[in-house]
Every structure is written in structure tokens, then in C-alpha cells.
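Trainee: Give the three-dimensional model of this entry:
(chains A, B, C and D)
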2 protein chains.
Amino acid sequence: MADTAEAGQAGSGPDFRPLYGQVKDLLVRRIAAGELRPGEALPSEMRLAAELGVSQGTVRKALDELAAQHLVERRQGRGTFVAEQTESRALFHFFHLFDAEGQRGSPACREASSKSGSASRAEAKRLDLAAKAPVIRIDRVRTLDGVPSMVERIVVPAGLFPGLAEQPGDALPNTLYEMFQRDYGVTVTTADEQLRAVAAGAADARKLDVPEGTPLMEIDRVAIGIRGRPVEWRLSRVRTDAHTYRVRLD
Amino acid sequence: MADTAEAGQAGSGPDFRPLYGQVKDLLVRRIAAGELRPGEALPSEMRLAAELGVSQGTVRKALDELAAQHLVERRQGRGTFVAEQTESRALFHFFHLFDAEGQRGSPACREASSKSGSASRAEAKRLDLAAKAPVIRIDRVRTLDGVPSMVERIVVPAGLFPGLAEQPGDALPNTLYEMFQRDYGVTVTTADEQLRAVAAGAADARKLDVPEGTPLMEIDRVAIGIRGRPVEWRLSRVRTDAHTYRVRLD
DNA sequence: CAGTGGTCTAGACCACTTA
DNA sequence: AAGTGGTCTAGACCACTGA
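Mentor: Okay, here's the model as predicted:
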């Protein structure tokens, strides 16, 4: 950092990274390593600038971009804080089912069970694991506004969640990502989803109380952690008679 | 603008808007009014700063935010340009169907027809029009990689697209948004989509060459123009046996 | 009241593009 | 060579927060 700072400007070279980008990387590494914990305040802009030997404007640009990625939150007059996975934040970013009036569906949990196992080929591929690596599988049914509306199969690498397999299924909270962060230091930052329409199989039909063959929306999600690696694979099948999946494109 | 600039800082008041926000608004108005046309270069940062009596840094912040919204494009060494709706841009932002290998499906058009009419209640509501306002309806079947895969009903306010109704349906291009902007000065900036799983009806089944009752994904989209008003309602039903709808969440 | 982030300014050097 | 956006700096005043 200092070398570039002494030059006083952008510098050059093939693999050059702007100063504010280097500041960003440094802060991301500190957060990912747990030196800065969720909810904790970062040093102020002035302090960071002094520590790193760059100007306040450069630190500001780095922090602004981290805030845009929801990795930190800035609060005027208070400071900059490592983002915390709250239930409302998790729902806002990762739960997109709304009822006809545009109200976010409020999910609850039912019939959850978790088991240990070793990764199938599909699981290993999705989670970027070695063949037969240990995984934990969670099956559950979720209700929306009281009606059984989703069946979910969740698969996570056992290595990231030591002890999770021993939890009884019904002890699992409704929004897992909050627990992932609080109890295991695993922060979900992004997710890739693939949606398709499928026909309800016999098991789906029974759990969701619909006729076999009913069209369901299948949501195939891989959640990515702060280090850029997959941390969860989730396959959901959803009734869309009372709720729709909403996206804003721009 | 000048009054705030003279003060030299943020200012105050209940409905205060930062200087860079005012610059943004001004530029958006100029683009929306057609004073700055798609593809055209904006004045340079220095020129804008001089014209508006603000510093270059303030103009820069405004332009950076407009670039983040894809309203302008910045090219180092060349200038800042009003964003143009190209086919690849339209597909990138508004077409989210990918095949199993992760390649974007390449859509083509078939059996397009367009007719004038007056808005139904649902159409008037979606498009924020008066009851029975004149609309143009386009029906078409689209293929993905050669296979008939989508049926679409597109509805637009006739007032925004004078003369469009007289176009024969098969003269319509594959990506409409490019034509909306080039021929009618209507720029689509964002869209709200609602997705659900539905069963193919008799007409769907015939057009898509699938059995009646096959699960299809229905995409209900309202496209919003640069002035913030709805400019198109599009209802699509899609086969998702070979393609999936992909979203990245963060 | 001191400390924080939010806004604004002025000026510098750089890399890139075009001519 | 001239002009553009990209980066970086230094310093100012502001609104907001909490002790």
C-alpha cells in the first residue's frame, strides 16, 4: 500500500489495482478472517486513512463500495459497521415471494429434519467439494401465511458447520442465514438462483396438500459466502397459487 | 443550483437535495426530454462543472451514479455518452433464460401479430392508464435455440407509439426495446417481474408443442420508462425443460 | 461537546483515445 | 498534442449522534 501511496497517484503495471481497491480488499480480508465481527464498528475514515497512509477520500471510496455490496453499513454521526445478517435483511435480499397485495409472504417452518451424509455427485459439483465430502442435509416444509407452501432440501458442507448435524431438526430457526453467521461465522453475501416450472411429485403433493402434477416453481439456489465459495445448496418447490416470485430488473 | 453552490456546502432545509443529486436530476430531465439523444456525448465533466457553477467532483459523482443506473456510459479518454439500448444490452438486462450449460438462450420470433384495442381493466391498471384507453396488443411465439418455447402477449399504450399499430406483425424486430427507443424515443430503464408456475392451456400446448397441463413458467412483466411510468405490460409463458430463469441475488 | 460520516471544493498526475 | 475520464490528495463546512 505505502509504495503506491508515496507515488501519490494511480501508478501503472499490468495487474495494477487502484488504491481504494486495495483498501477494499484489505477490509474484506479482515472481515472474512473474523478480525472485524458482524455489528462491530470499523475504525473511522480518518483513522483508517492514517493507518494505511492514504487520504480520507480514498478510504471513503472503498467504504462506499463496501456499503453498496452490503458488507458494511454506514450511519451518519455514528460510524461504519460490519453488516449483520438480521432476519429482515435476510428476507429482503434472499426471500422474494409476495402475495397478491404485494406483501412479503411471512414464512414459518414445519417438519424440519437434518441428517449427515456424504456428497452426491450433484451436491459435490454445486458446492465445489471433493467427491463424497461430508455434508449435512436438511429437509423441511415451510408455510406462507399459515398454508404449507414450500418443500425444501438444503445441503451444506459439514466442514463449515461443525456440530450442526447434532442439532435436532426442529431446533433450526426459520431464517438460517442469521444463524450461519452468528453461530458459525459464515456470512452469505450473494446467491445464484435458477427457476423452472415442474409438476408436483407424490411426495410434494402430500406435503403441500395439492393434487399430484400441480405446477410448482422450483428454485435452485447456490449461496455464496464472503470468500466467494459456495456455502449452501438449496432446492425449493413452491406453490405459486397465492404467492409470486418478484424481481426488479434494471 | 447557483444559490446552493455559492453557499459552498450541503445547506439544509426539509426537502434539501444534495448538489450532485440536482445535477443528476437535470441531466435525467435533459435525456428524457430528448435534448440529449441515445448515443450522443454529454459535455465533458469540466464543461458541465463550468456551465452549472459547481466543482468537477460534484459533476463526477452525479455522472458516476447515472452510469451505475445504466443511463449513461463512461469511456475513458472518449467521454460520457447517453446509453443506447442495443440488442445485447437489452438481453443482458431483461432476458434471463439460460440453457443447462449456462449459455444465454438466443430467442427468435415466430407468428407475431399486432392489433389495436382499448384497455381492459387489468391492462389499464398495469399500465396506469385511464379505463378503455387505446392500446396495442402484440401476440407472438418465440423460439429458443430453434424450439418454440415462449408464448407472449405484449400490451403498450398506443399514445406512446404512434403508428406502431399499422406495422404488420411480422415486421417487428426480435428485441422490441431497441426499436422502442430508436423509433419512438421510449427508453425502458427498469422492469418489475412476477413469476409463477402454471399449467399449459390448450392454446399454449398447441403453440409450444407440449401436452396440455405441462407446467410452464409465467413471467408477468411491467416495464418502466425513464420518466418512471409503465410503458409495457408483457405476459409470457415459458417452457423450462431446456432453459431456466437465472437471477443473481445480493 | 467531540467525533462521525455526508457533501463540496480545488488542484494534481495518470491512462486512454483521437487526431 | 489536446482532451477525456480515472485516481488521489488536502482541506473545508455540514448534519447527525451520543456522552
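
Trainee: Break chain A into its domains for me.
Mentor: A:4-82, A:87-245 (automatic domain parsing).

Trainee: Single out the most deeply packed of those.
Mentor: domain A:87-245 (a mean of 17; mean count of other C-beta atoms under 10 Å in any protein chain shown). (C-beta placed from N, C-alpha, C; glycine too.)

Trainee: quick one: that domain to chain centroid distance?
Mentor: With C-alpha atoms, centre = their mean, to the nearest Å as the basis, domain A:87-245 stands 12 Å off its chain's centre.

Trainee: so for that domain, what's the average pLDDT?
Mentor: Here domain A:87-245 scores 95 as its mean pLDDT.

Trainee: That one vs chain B: in contact?
Mentor: Yes: looking at domain A:87-245 against chain B by C-beta under 8 Å from any C-beta of the partner chain, the contacts come from A:93-94, A:96, A:98, A:189-199, A:213-217, A:220, A:238, A:240-241, A:244-245.

Trainee: what bridges to residue A:235?
Mentor: Note on residue A:235: beta-bridge partners by DSSP bridges are residue A:153, residue A:220.

Trainee: again with residue A:73
Mentor: On the basis of DSSP bridges, residue A:73 is bridged to residue A:81.

Trainee: check contacts around it.
Mentor: Contacts of residue A:73 were listed using C-beta atoms under 8 Å, 6 or more residues apart in numbering or on different chains, and they are A:67, A:80-81, A:83.

Trainee: Next, work out how far apart it and chain B are.
Mentor: 15 Å (C-beta to the nearest C-beta, to the nearest Å).

Trainee: Need phi/psi at the residue positioned nearest the centre of chain A.
Mentor: Residue closest to the mean C-alpha point of chain A, counted by C-alpha atoms, centre = their mean, is residue A:188 at 2.6 Å. Note on residue A:188: its backbone torsions stand at phi -80, psi 120 [degrees, to the nearest 10].

Trainee: near DNA strand D, anything from the strand or helix carrying residue A:20?
Mentor: Assessed by DSSP states H and E, residue A:20 sits inside helix A:19-32. Yes: with C-beta under 7 Å from any atom of the strand as the criterion, DNA strand D is reached by helix A:19-32 at A:19-21.

Trainee: Quick one: those residues as JSON lines, columns for distance to DNA strand C and pLDDT too.
Mentor: Below are the residues of helix A:19-32 next to DNA strand D laid out as JSON lines (distance: C-beta to the nearest atom of the strand, whole Å; pLDDT from 0 to 100):
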{"residue": "A:19", "distance to DNA strand C": "12", "pLDDT": "96"}
{"residue": "A:20", "distance to DNA strand C": "13", "pLDDT": "97"}
{"residue": "A:21", "distance to DNA strand C": "14", "pLDDT": "97"}
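
Trainee: Show me which of the residues you listed is closest to DNA strand D.
Mentor: Nearest to DNA strand D among these is residue A:19, at 2.7 Å by C-beta to the nearest atom of the strand.

Trainee: picking up where we left off before, out of the contacts of residue A:73, who's near DNA strand C?
Mentor: Within the contacts of residue A:73, those near DNA strand C by C-beta under 7 Å from any atom of the strand are residue A:80.

Trainee: before we move on, the earlier item: closest to residue A:74 among the residues of helix A:19-32 next to DNA strand D?
Mentor: The closest of those to residue A:74 turns out to be residue A:20 (C-beta to C-beta; 15.2 Å).
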